[in-house]
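[1] When you get a sec, could you give me coordinates for this:
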Amino acid sequence: MAQKILCIDIGGSHIKGAIVNEAGELQTQYKKFDTPLPATPEKVLAVIKQLAEGSPGFEKISVGFPGYVKDNVIMTAPNLGTDAWHNIKLAEEITSLLGMPCRVVNDADMLGLGIASGKGFEIVATIGTGFGTAFLYDGKLLPHLELAHHPISKGRDYDQYIGQRALDEVGKIKWNKRMMKVLAVVKTVFNYDRLYLGGGNASKLKFPLEENISLVTNIEGIKGGARLWKED
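    Residues are numbered from 1 along each chain as shown. Modelled structure (predicted):
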């Protein structure tokens, strides 16, 4: 009997989720809840419980988290509050809460598993509250890099330079100029075969993209939650 997997995407603005089958095909509607403020582990877990209660019948859980995740444990959470989240064993917490096995990875990594073609060197970048990245080679997820915290301009990292706060502060025109600079840097540094841009602010890009750059949605990437259980 095919298993059903509850896939959850935790973001700085929203917590989203749906059930998929082993092939990553949606089995329920995509649901979205506001991320609580402050986004403490306790409050986020409460929203996850609410999401799960409206999505019965799953046997496994996959979670994408906006920070550095090591062995299902949260190391950083720059857009939720790192101090509150550091060393939180999120997979164990969710398993205890919902009674099903859980795996947790960086949110961009889960998106990458869902949308990458599996050919060559591919990068997935999420543009939203912050700047998340995933790197894959021939479909295999590479060790996670927190590129968002690398300085890009005048001591500011990517999160500070092109994240939601920066967009609100400088406006869409200047933000788009910054995004052009960032994409040029990423191309020069990584020489990728394909770049996928997702996240809540990807649709705000107003300049032509090169042929090997594609815009994607979180819904397209949710099947990464299924692939997460196929990864060694």
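[2] Touching, Y192 and I123? I think so.
    Yes: under the criterion of Cβ atoms under 8 Å, Y192 is in contact with I123, at a separation of 4.8 Å. The way it works is simple: take the backbone N, C-alpha and C, and place the C-beta from them, glycine included.
[3] which neighbours do those two share?
    Contact with both Y192 and I123 is made by residues V186, according to Cβ atoms under 8 Å, 6 or more residues apart in numbering.
[4] Comparing the two, which shows the higher neighbour count?
    Relative neighbour count places I123 above the other of Y192 and I123, with 23 against 17, counting by other Cβ atoms under 10 Å.
[5] so how far is the top helix by length along the chain off the chain centroid?
    Counting by DSSP state H, the longest helix found in the chain is helix 164-190. Taking the mean C-alpha point of helix 164-190 and that of its whole chain, the gap between them comes to 19 Å (Cα atoms, centre = their mean, to the nearest Å).
[6] Check which helices and strands that helix sits against.
    strand 121-127, strand 151-153, helix 158-162, strand 194-198 (3 or more Cβ pairs under 8 Å, 6 or more residues apart in numbering; DSSP states H and E).
[7] could you check the angle strand 194-198 makes with it?
    Computed with axes from the mean of the first three to the mean of the last three Cα atoms, to 10 degrees, the direction of helix 164-190 lies at 170 degrees from that of strand 194-198.
[8] Could you dump the helices and strands packed on helix 164-190 into JSON lines and include distance to R103 and mean pLDDT?
    JSON lines is the format used below for those (distance: least, Cβ to Cβ, whole Å; pLDDT from 0 to 100):
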{"stretch": "strand 121-127", "distance to R103": "18", "mean pLDDT": "96"}
{"stretch": "strand 151-153", "distance to R103": "31", "mean pLDDT": "94"}
{"stretch": "helix 158-162", "distance to R103": "25", "mean pLDDT": "96"}
{"stretch": "strand 194-198", "distance to R103": "20", "mean pLDDT": "96"}
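[9] Please give the number of neighbouring residues around Y158.
    Using other Cβ under 10 Å, the number of residues around Y158 comes to 26.
[10] How about L97?
    Under the neighbour criterion other Cβ under 10 Å, L97 is assigned a count of 15.
[11] now swap in G57 and tell me
    G57 sits with 9 neighbouring residues when counted by other Cβ under 10 Å.
[12] Any stretches of this structure with poor pLDDT?
    Judged against pLDDT under 70, the low-scoring parts of the chain cover residues 1, 231-232.
[13] Now the residue sitting nearest the centre point of the chain. Nearest residue, chain neighbours left out?
    The geometric centre of the chain, computed from its C-alpha atoms, lies nearest to D107 (Cα atoms, centre = their mean), at 2.3 Å. With Cβ to Cβ, 6 or more residues apart in numbering as the criterion, D107 has its nearest non-adjacent residue at 3.4 Å, and that residue is G64.
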